[in-house]
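Chemist: sequence and predicted structure are below.
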Amino acid sequence: MAKNHLVLIEPEIPYNTGNIARTCVVTGSALHLVRPFGFRLTSRQIERAGMDYWDKVDVTIWDSWQEFATFADEKERTGTQILYVETRTPHSLGDLVASGEVMMVFGSESSGLPQAMMDAHPERLLRIPMLPGQRSLNLSNSAAIVLYEVLRQQGYEGLTQ
């Protein structure tokens with residue numbers, strides 16, 4: 001089974017992070033959290049959102065997106081496909097061809113991905129289709145949508161169908 005990764009750059013809302021952690025557990029995906037956070041990881045809201053899943057989460061915490069970027073570059077050199085999910089790109093989820101290990105990177109709820117990250121990887125930017133003029137979907141919904149499209153393309157390997 002390919003190990004997939006969900007990456008949250010500077011997450012702000014504990015409920016979103018908890019929901020995404022739960023999604024990672026039930027799909028066997030790794031979670032990467034990039035500081036700074038808009039909450040404390042020990043806060044009751046994040047524990048409530050993740051419910052009893054926190055002890056099962058394969059989580060890595062990074063001190064900055066630059067530190068994470070060094071890790072992502074190394075993963076890419078070893079064959080991991082890296083996607084940067086953002087509303088400000090013409091490349092659609094419908095264009096995605098997922099293969100092997102996939103890392104999906106999401107920005108903060110209020111500002112999205114850092115511009116420097118988008119500028120460095122314009123060919124890997126991907127958006128979820130939605131009606132024109134709408135700002136964005138909820139972060140935890142977006143993460144689930146993209147992850148499950150990747151899993152679908154991987155044949156739901158290792159998951160009960």
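Modeler: Sure, I can see it. Residues are numbered from 1 along each chain as shown.
Chemist: just the strands from this structure, written as ranges.
Modeler: For the chain, the strands defined by DSSP state E occupy 5-9, 30-34, 59-62, 81-85, 102-106, 125-126.
Chemist: for the fifth one, the distance to its chain's centre please.
Modeler: Yep, that's strand 102-106 we're talking about. 4 Å (C-alpha atoms, centre = their mean, to the nearest Å).
Chemist: contacting residues around that strand?
Modeler: When contacts are defined by C-beta atoms under 8 Å, 6 or more residues apart in numbering, strand 102-106 is touched by residues 2, 4-9, 32, 72, 75, 80-85, 113, 117, 139, 142-143, 146-147, 150, 154. Any C-beta I mention is one placed from the backbone N, CA and C, and that applies to glycine too.
Chemist: now stretch 82-97 - C-alpha only, PDB.
Modeler: C-alpha atoms of stretch 82-97 as PDB (Å, rounded to 0.1, in the frame of the first residue of the first chain):
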ATOM      1  CA  ILE A  82       3.800  16.200  -4.400                       C
ATOM      2  CA  LEU A  83       0.600  18.200  -5.000                       C
ATOM      3  CA  TYR A  84       0.000  21.700  -3.700                       C
ATOM      4  CA  VAL A  85      -3.700  22.300  -3.400                       C
ATOM      5  CA  GLU A  86      -4.800  25.900  -3.800                       C
ATOM      6  CA  THR A  87      -7.800  27.700  -5.300                       C
ATOM      7  CA  ARG A  88      -5.600  30.100  -7.400                       C
ATOM      8  CA  THR A  89      -4.500  27.800 -10.200                       C
ATOM      9  CA  PRO A  90      -6.000  26.700 -13.500                       C
ATOM     10  CA  HIS A  91      -5.000  23.000 -12.900                       C
ATOM     11  CA  SER A  92      -8.000  21.000 -11.800                       C
ATOM     12  CA  LEU A  93      -8.400  17.900  -9.600                       C
ATOM     13  CA  GLY A  94      -9.800  16.300 -12.800                       C
ATOM     14  CA  ASP A  95      -6.300  16.600 -14.400                       C
ATOM     15  CA  LEU A  96      -4.700  14.500 -11.600                       C
ATOM     16  CA  VAL A  97      -3.000  11.300 -12.400                       C
END
